[in-house]
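K.L.:
Structure of the sequence below:
(2 chains)
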Amino acid sequence: MVTAARVGPRDSDGRDRFRVELHTDLSKVGYVVEAVINCCNTVAAVSTRTQFRLCTVVAEAVANAMVNGNRNDPNRLVVVEVEVGADSIVIAVSDEGDGFDHRLMPDPTHDTLLAATRGRGLFMIRSLADHVSFNDRGNTIWMTLPRC
Amino acid sequence: MAFSANRVASGVTVVAVEGQLIVANRQELKQLMQEALDRGDRKFLLDFTKTAYVDSSGLGALVSISKKVREVGGDLRLAGLNEDLRSLFELTKLDTLFTISETASEALAGF
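P.N.:
Presented below is the predicted three-dimensional model:
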């Protein structure tokens, strides 16, 4: 079980913020997804389409943070911050790793990579989120999705 | 999240993917499929009717399973993907690697 904690009251722009912090443990990924969906639905029910996109990008980003960022080290933390606004939901996922250069990721739909068993995560996030950005170090990803 | 396998009269092993197929449970599906291959099953239908979402690890597991089934001359089909999951297969172009049917009954008829 993973719970998202509310961070302060609704701000003057009408945004609600939540935070989940957990140690690296891949068995918890599904619970983090549930926690994020629950806190979004606390503010207002999200559409089925948005829920699918949210579930997928959160699962993807948290798994990436644990595996590629924290190198599966159970002592390292992953932090998920959720900001629910009137029109959009912004999810930030941070790890304690060294970061990576997101510009170097190959296109998994290229013929030579089509049958690969890895390497689709970031591509899926970019395809499902409206906007994706990273910090300079490359250990925090921000993903913006529509609220409805 | 769970997987349930059921061998139907036509000799097809139908595996239902319930909830999600993600990094946390993909190994469970791979193991279930390997055990079925080891006991001689060769026709498989993965039913996604009750699947909420799939991450890239889940897709990778499907690719891996597909290779193993092909290696032994078997047949793997997918069915029951909702519109969002179908789009996911299309945008990753994995729809070109798998035989995908609208419904489980359509897929079963195709074996």
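
K.L.:
where along the chain do the helices fall?
P.N.:
In the absence of a named chain, this looks at chain A. For chain A, the helices defined by DSSP state H occupy A:29-43, A:48-64, A:121-128.

K.L.:
Correction: the question concerned chain B.
P.N.:
B:26-38, B:56-71, B:83-91, B:104-109.

K.L.:
Packed most tightly, which of those helices would that be?
P.N.:
Of all those, helix B:56-71 has the most neighbours on average by mean count of other Cβ atoms under 10 Å in any protein chain shown, namely a mean of 20. Quick note: C-beta positions are derived from backbone N, CA and C, even for glycine.

K.L.:
quick revisit: how about a markdown table for the helices of chain B, with distance to B:S10 added?
P.N.:
Shown next, in a markdown table, are these (distance: least, Cβ to Cβ, whole Å):
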| stretch | distance to B:S10 |
| --- | --- |
| helix B:26-38 | 15 |
| helix B:56-71 | 17 |
| helix B:83-91 | 25 |
| helix B:104-109 | 6 |
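
K.L.:
Ends of stretch B:64-80, what's the gap?
P.N.:
20 Å (Cα to Cα, to the nearest Å).

K.L.:
Stretch B:16-34 now?
P.N.:
Using Cα to Cα, one end of stretch B:16-34 lies 15 Å from the other.

K.L.:
contact partners of it?
P.N.:
Identification of contacts with stretch B:16-34 by Cβ atoms under 8 Å, 6 or more residues apart in numbering or on different chains yields A:26-30, A:33, A:55, A:59, A:63, A:67, B:1-6, B:15, B:44, B:46-55, B:57-58, B:60-62, B:64-65, B:68-69.

K.L.:
Could you list everything B:L78 pairs with in the sheet?
P.N.:
B:L46, B:I100 (DSSP bridges).

K.L.:
ah, wrong one, I meant A:M143
P.N.:
Applying DSSP bridges to A:M143 gives these bridge partners: A:I91, A:V132.

K.L.:
Now for it: which residues touch it?
P.N.:
Contacts of A:M143 (Cβ under 8 Å, 6+ apart): A:V57, A:A61, A:V90, A:I91, A:A92, A:V93, A:I125, A:A129, A:H131, A:V132.

K.L.:
how near is it to A:F18?
P.N.:
15 Å (Cβ to Cβ, to the nearest Å).

K.L.:
Okay, now the sheet partners of the longest strand seen in chain B, with direction.
P.N.:
Determined from DSSP state E, the single longest strand within chain B is strand B:12-21. On the basis of DSSP bridges, the sheet neighbours of strand B:12-21 come out as strand B:2-7 (antiparallel), strand B:43-47 (parallel), strand B:51-54 (parallel).

K.L.:
With mean neighbour count and mean pLDDT added, can I get those in a markdown table?
P.N.:
Below are the strands paired with strand B:12-21 laid out as a markdown table (neighbours: other Cβ atoms under 10 Å in any protein chain shown; pLDDT from 0 to 100):
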| stretch | mean neighbour count | mean pLDDT |
| --- | --- | --- |
| strand B:2-7 | 13 | 88 |
| strand B:43-47 | 24 | 97 |
| strand B:51-54 | 24 | 95 |
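
K.L.:
Pull the number of nearby residues for A:V43.
P.N.:
A:V43: 18 surrounding residues under other Cβ atoms under 10 Å in any protein chain shown.

K.L.:
same deal with A:C148?
P.N.:
When neighbours are counted by other Cβ under 10 Å, A:C148 registers 12.
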